[in-house]
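Participant: Attaching a predicted model along with its sequence, questions to come.
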Amino acid sequence: MEKAFGLEIPENLEDACELNRTALIVYDMQVGIFSQLSDGAKIKTEVIEVLQAARDVGLRVFFIRHMSLPTELSGVFQLKTAKVWQRVTSVNDVNPWFLRDAPGFQLIPEVTPLPSEAIFDKITMSAFESTPLDIALRDCGVQTVIIIGVATEIGIEPTIRHAADLGYIPVMVIDACGAGNEEAGQRAIASLKFMGDAFFTSVEEICLILRRKAGI
């Protein structure tokens, strides 16, 4: 850890992951999103492993869910995006996939949050936009955010970029982040690595670091 101007600048992943200043973000592990992954079973296993390690060492955990608005409230951008994603030509054919009470909106049961964990809902791609996440993290003194979930090329990439812009140190657990389109997912990872804002790790490495820091 380099020290300068009264600050501690992490030089590696272990430096960055001080337990009292690190939180886990579990991104969009929802039934309706998760079911679209070709390698869903593998991603589920990896996400659960990181989540369990975070719980074992007492990290703060925040779950993010994507929410649809009724079409009458969706607005220009939401409707335009829905038409592209659903490959329809008219707003009349848009089907809000993630309405609050829809089965697809719910988190998969294997990652059911504990009472000590929070769920924030969003209508954006970044987990920080229009949610209380930034306020909650800052109020807890969090500096580093570990990110897992789906999908890399849709929401995880903008969340990592937004986290960096807000002054957090993002950590992407690559094998615990699924992509709907593998090629697009790899492009997103390559772009993030080129920027140099984040640390990148594996499930095995991050779990080892967290448990070592906790002495377990």
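Facilitator: Received, thanks. From a predicted model like this one, the values you see are computed outputs, not experimental measurements.
Participant: residue nearest the centroid of this protein?
Facilitator: Closest to where the C-alpha atoms of the chain average out (C-alpha atoms, centre = their mean) is Tyr27, at 3.2 Å.
Participant: And for Leu114, the neighbour number?
Facilitator: 9 (other C-beta atoms under 10 Å). Just so you know, the C-beta spots here come from the backbone N, C-alpha and C atoms, and that holds for glycine as well.
Participant: what sits against it?
Facilitator: Residues in contact with Leu114 (C-beta atoms under 8 Å, 6 or more residues apart in numbering) are Arg55, Val61.
Participant: Tell me who's in contact with the residue lying closest to the residue nearest to the centre of the chain once chain neighbours are set aside.
Facilitator: Spatial nearest neighbour of Tyr27, chain neighbours left out: Gly149 (3.3 Å); criterion: C-beta to C-beta, 6 or more residues apart in numbering. If a contact means C-beta under 8 Å, 6+ apart, then Gly149 has Ile25, Val26, Tyr27, Asp28, Met29, Val47, Ile64, Ile156, Ala176, Cys177, Gly178 as its contacts.
Participant: mind listing what the longest strand seen in the chain pairs with, with the direction of each?
Facilitator: Criterion DSSP state E: the longest strand present in the chain is strand 169-178. Partners of strand 169-178 in the sheet, by DSSP bridges, are strand 144-150 (parallel), strand 199-201 (parallel).
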